[in-house]
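# just the structure for this:
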Amino acid sequence: MTREVLGQSVSFQLSSDSGVPAYLQLVQQIKQALRMGVLGVGDKLPTVKEVVAEVAINPNTVMKAYRELEHEGLVEGRQGVGTFVSRRPEG
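Residues are numbered from 1 along each chain as shown. You can find the predicted model right below:
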């Protein structure tokens, strides 16, 4: 999936034969985008609906990935507005 985020492009690619759960693949790819500067603090992540439409996975999988990132303090969900980057990962 390629999605414009404030002029930057975020690309999600899921591999069914990697042995890594889909939600963790999303988490890893978002962390990588943060480390590389593709996503920055304050940027809005694609909506669950947008990710589902592009990557054809269950909405619960995307929500689980976003919850994991929120639990780690990397993103913040704002009711009715979206999910935003709150800080970059260590390293």
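
# residue 83 contacts residue 77, correct?
Yes - when contacts are counted by CB atoms under 8 Å, residue 83 is listed as touching residue 77 (4.9 Å). No exception for glycine: its C-beta is placed from N, CA and C like everyone else's.

# from residue 53, how far out is the residue nearest to residue 29 when sequence neighbours are not counted?
Distance criterion CB to CB, 6 or more residues apart in numbering; nearest residue to residue 29, sequence neighbours excluded, is residue 12 at 5.6 Å. Residue 12 sits 12 Å away from residue 53, going by CB to CB, to the nearest Å.

# center of this protein, which residue is that?
The centre of the chain sits closest to residue 30, judged by CA atoms, centre = their mean, with a distance of 4.5 Å.

# would you confirm that that residue belongs to a strand?
No - Residue 30 sits outside any strand when classified using DSSP: H, G, I helix; E, B strand; the rest coil, being helix.

# on that earlier part again, what do residue 83 and residue 77 both touch?
Residues within reach of residue 83 and of residue 77 at once, by CB atoms under 8 Å, 6 or more residues apart in numbering, are 66, 70.

# neighbour count: these two, which is higher?
residue 83 (22 against 16; other CB atoms under 10 Å).
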